[in-house]
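J.: pasting the structure only:
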């Protein structure tokens with residue numbers, strides 16, 4: 001028995017030798033919180049918790065494996081990963097399924113959302129491209145980078161999935177920012193973007209325009225389009241300092257709060273665990289982002305530094321957008337709270353991203 005335990009310990013040690021333990025522990029804490037909140041939000045549906053736990057297990061396993069892959073190999077496989085992601089995304093238009101939009105591919109065993117894969121492959125492709133050009137990026141470089149970002153983002157928005165399309169675009173923008181783009185160019189692009197907002201309005205779909213108008217005045221239709229935001233704000237506000245207690249949230253359990261296991265699960269946590277629960281979760285998120293940026297800063301080459309930094313900053317956008325959405329500070333765009341909301345492809349792809357960050361740190365002694 002002693003020999004078996006020693007063998008297990010040695011095997012586990014070798015398997016985890018490339019994993020950043022502080023980051024892993026923070027991620028495990030968030031996943032544990034997710035399962036606890038899902039157990040309440042899902043009511044008697046225990047399969048929901050079991051299914052998500054299995055997805056977390058798959059994601060952690062993939063994260064550990066990816067952490068052992070050197071950045072050199074990741075860079076070698078990057079164009080293939082980007083190309084395969086685009087092909088899968090194109091297949092969604094032919095074979096896709098979903099309730100309000102065709103976002104998933106039914107692979108029989110599970111559903112795959114290719115848009116989630118692009119949140120990894122787009123910053124990977126940009127880091128691959130920017131690694132081989134003169135930095136800071138000039139106009140020609142920015143034009144190629146815009147094409148790398150624009151093609152998948154436009155395809156995702158066409159599905160239509162505005163939230164995922166925006167996050168894919170954000171992941172690419174962060175990669176360009178980390179490549180050292182001049183501040184005057186950032187200001188120019190920001191100004192052009194703001195000036196073009198009125199021109200974008202006619203191209204929005206009716207439900208997208210409705211979401212913007214509801215964000216501006218949710219009380220205009222409290223029983224219709226404004227219902228989601230109003231009920232979410234009630235749930236958040238009613239939690240108080242310490243919350244109502246696990247399983248005692250009326251908004252979710254009485255079906256006032258929509259999508260309470262996915263997009264609005266943060267509202268459930270706020271109602272049942274109050275300010276203390278919210279601060280705890282946000283502190284974990286802050287540590288995760290800060291830790292990833294610290295790991296990225298120690299990278300020895302441009303590809304690793306740009307990729308790891310972009311993945312960390314994209315994760316922070318997840319948190320900001322979903323938190324702002326459920327609090328009524330941003331329009332509802334269907335962005336889940338990372339590693340808290342129920343979902344498979346999103347959780348696994350996020351954990352794979354953290355595996356990439358860990359790989360950058362673990363192999364920092366070697367030029368990638």
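T.: All right, it came through fine. Computed from a predicted model, the values in this text were never measured in an experiment.

J.: hey, let's count contacts and neighbours off CA atoms from now on
T.: Noted.

J.: so what does the longest helix belonging to the chain touch, helix or strand wise?
T.: The longest helix of the chain (DSSP state H) is helix 265-297. With contacts taken as 3 or more CA pairs under 8 Å, 6 or more residues apart in numbering; DSSP states H and E, helix 265-297 sits against helix 21-41, helix 227-238, helix 302-326, helix 345-362.

J.: repeat that for 10 Å
T.: helix 21-41, helix 227-238, helix 250-253, helix 302-326, helix 345-362 (3 or more CA pairs under 10 Å, 6 or more residues apart in numbering; DSSP states H and E).

J.: and the helix or strand that comes right after the first one, what does it pack onto?
T.: Using DSSP states H and E, the helix or strand that follows helix 21-41 towards the C-terminus is helix 46-67. Other elements packing on helix 46-67 under the criterion 3+ CA pairs under 10 Å, 6+ apart are helix 2-15, helix 21-41, helix 345-362.

J.: just how off-centre is the very next helix or strand once past helix 46-67 within its chain?
T.: Later in the chain than helix 46-67, the nearest helix or strand by DSSP H and E is helix 71-95. How far helix 71-95 lies from its chain's middle: 18 Å, per CA atoms, centre = their mean, to the nearest Å.

J.: which residues does stretch 17-27 contact?
T.: Identification of contacts with stretch 17-27 by CA atoms under 10 Å, 6 or more residues apart in numbering yields 11, 13, 28-29, 31-33, 60, 63-69, 281, 283-292, 295, 339, 351, 354-355, 357-363.

J.: please redo it, this time with the cut-off set to 7 Å
T.: 64, 67-68, 284, 288, 291, 358-359, 362 (CA atoms under 7 Å, 6 or more residues apart in numbering).

J.: how near is the nearest residue to residue 239 once chain neighbours are set aside to residue 304?
T.: The spatial neighbour of residue 239 that comes closest, neighbours along the chain excluded (CA to CA, 6 or more residues apart in numbering), is residue 271 at 3.8 Å. Per CA to CA, to the nearest Å, residue 271 is found 40 Å from residue 304.

J.: grab the nearest non-local neighbour of residue 314.
T.: residue 171 (5.3 Å).

J.: contact partners for that neighbour?
T.: 119, 123, 310-311, 314.

J.: what of residue 52?
T.: Contacts of residue 52 by CA under 7 Å, 6+ apart are residue 342.

J.: rerun at 10 Å
T.: 31, 34-35, 38, 58, 339-344, 347.

J.: so where's the protein shaky on pLDDT?
T.: Applying pLDDT under 70 to the chain flags residues 1, 3-8, 10-15, 97-102, 108-109, 365-368.
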